[in-house]
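Student: Everything below, folded, please.
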Amino acid sequence: MDNRVEPVKETHRLIWMDAARGFAIFGIFMVNIGAFSAPYFLYGGAEDAWTEPVDHYTQTVIDIFFQASFYTLFSFLFGFGFQLLKERLTAKGINVHSFLFRRLLILIGFGFIHAFFIWHGDILLSYGIIGLFLLAFINRSNKTLLVWSCLLLGGSAFLYTRFLYDFRGYLDYYDVAAIYLAKAHYSSSELSVILAQNVNDWFYANGLFSYFLSVTSLLPLFLLGMYIARKRWLHQPSVKISLLKIFWVVSLMVFIAIKMGPYLYGNPTWFSYVQDNIGGTASALFYVVSIVLLAQTNIGLKCIKPFSYVGRMSLTNYITQSLISFVLFYGIGFGLYGSVNPSIGVVIVLVVFIGQIFLSRWWFTHFLFGPLEWVWRSLTYGKRQPLWKRNVKQMY
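Tutor: From the prediction side, this is the model:
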């Protein structure tokens, strides 16, 4: 038996999956730019800080169409890809648990560096740590995956929303002192001051209870992704086109009702957890099914192709967005922290992301993997992977 584990060949890739990853990287950056450029996402007070109508409109659009829609989309894809890799390992006769455990540990390492030396809003560390729970599910039944996914997501949404409703009178407070310190420290030209504030913000956002909520938010999407990968509904979409259209309509209806609906009655803070986690899951499924359906037509393929370049090196592009933001907003670079309003932030996202599309496309004319993907794969597979296309037959 051939027990070598190799990356998936380019001809065997699911292009919709690369495109969905790229689209997720775009959406995540659209949300992250606000958290990277000002303290209000973490400590509150955005509505008082940005008073222009264009900024309120921009924040509303981001809240409805982007907030909690793209880390959920990426979580779904994480679980989907996890299952695909598990199947390949099993077919090769490789020890699944040890291989995937090593892969997750390396991801945790990337996340640790990103979280504490670049940006406190990192998601990789959480993906790696919470992803370890998937090792307990890889041999469980489809029914078990689906039941746990629904129970974790629905149960946490009900219980936490009930808690928020009971204490709704205390939810709109924002920490003026913390906002002031964050502005002062991130505007500093001393790297040690910036990193100290970054560490402080990470611990502020990632307490024990917050991490529990992260488990009940991310793990259900991981499990759902695994479940759908097992059902193989997205492997040959043309065969399941009727089912996908039903999914598309239902997810759109829930998306509209839960993500947009709250604005009809003032968008109360106490409903935000349901809006983000249930509505965000619906919008993520709507986006991914939309991309899959687009991939079934020639015009649709042309539309999603640019996103696929970014998605093939999603780890590199995600970290690159943080590095660019670090230089733009912190005092060690251009020092724009706290001075860029949401509408300008959108322009920055568009410029950077378009640049990433062209750079990613150029990169794959010469190389097999993105640079960080190459490091991750080489460490995971236990040997140095080929990088230059000119040195090997195309295998990616």
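Student: C-alpha only now, for contacts and for neighbours.
Tutor: Noted.
Student: Test my guess that Gly280 contacts Asp63.
Tutor: No - in this structure, Gly280 sits apart from Asp63 without contact. The criterion is Cα atoms under 8 Å, and the distance is 10.1 Å.
Student: who has more neighbours, those two?
Tutor: For Gly280 versus Asp63, neighbours defined as other Cα atoms under 10 Å are more numerous around Gly280 (27 against 17).
Student: so the more buried one sits in a helix?
Tutor: Yes - the assignment for Gly280 by DSSP: H, G, I helix; E, B strand; the rest coil puts it in a helix.
Student: and it, what pLDDT?
Tutor: On pLDDT, Gly280 comes in at 96.
Student: List the contacts of the residue nearest to it when sequence neighbours are not counted.
Tutor: If you skip the residues right next to it in sequence, Gly280 has Ser69 as its closest partner in space, 4.4 Å away by Cα to Cα, 6 or more residues apart in numbering. Residues counted as contacts of Ser69 (Cα atoms under 8 Å, 6 or more residues apart in numbering) are 27, 276, 279-281, 283-284.
Student: How about Ala282?
Tutor: If you count contacts by Cα under 8 Å, 6+ apart, Ala282 has them with 251-252, 254-255.
Student: and if you look at Gln197?
Tutor: Gln197 sits next to 182, 185-186 when contact means Cα under 8 Å, 6+ apart.
Student: out of these, which one sits closest to Asp172?
Tutor: Looking at those and their distance to Asp172, the nearest is Ala182, at 19.3 Å (Cα to Cα).
Student: for the closest one, phi and psi?
Tutor: When quoted as degrees, to the nearest 10, the phi and psi of Ala182 stand at phi -60, psi -40.
Student: same thing with Phe369?
Tutor: Here is the backbone geometry of Phe369 (degrees, to the nearest 10): phi -130, psi 160.
Student: Find the nearest non-adjacent residue to it, please.
Tutor: For Phe369, the nearest residue in space outside its immediate sequence neighbours is Leu387; the separation is 6.3 Å by Cα to Cα, 6+ apart.
Student: doesn't Leu368 make contact with the one you found?
Tutor: Yes - under the contact definition of Cα under 8 Å, Leu387 touches Leu368, with a separation of 5.3 Å.
Student: For the spatially most central residue of the chain, report the pLDDT, please.
Tutor: In the chain, the C-alpha nearest the mean C-alpha coordinate belongs to Tyr71, at 3.1 Å (Cα atoms, centre = their mean). Per-residue confidence (pLDDT) for Tyr71: 94.
Student: List the residues that contact it.
Tutor: Going by Cα under 8 Å, 6+ apart, Tyr71 touches 24, 28.
Student: Where does it sit, in terms of helix or strand?
Tutor: Take DSSP states H and E as the rule and Tyr71 turns out to sit in helix 70-92.
Student: Give the residue spans of the protein that score low on pLDDT.
Tutor: In the predicted model, the chain carries pLDDT under 70 at residues 1-13, 391-396.
Student: and of the contacts of Gln197, the nearest to Phe110?
Tutor: Using Cα to Cα, Tyr186 is the member of these that sits closest to Phe110, with 22.5 Å.
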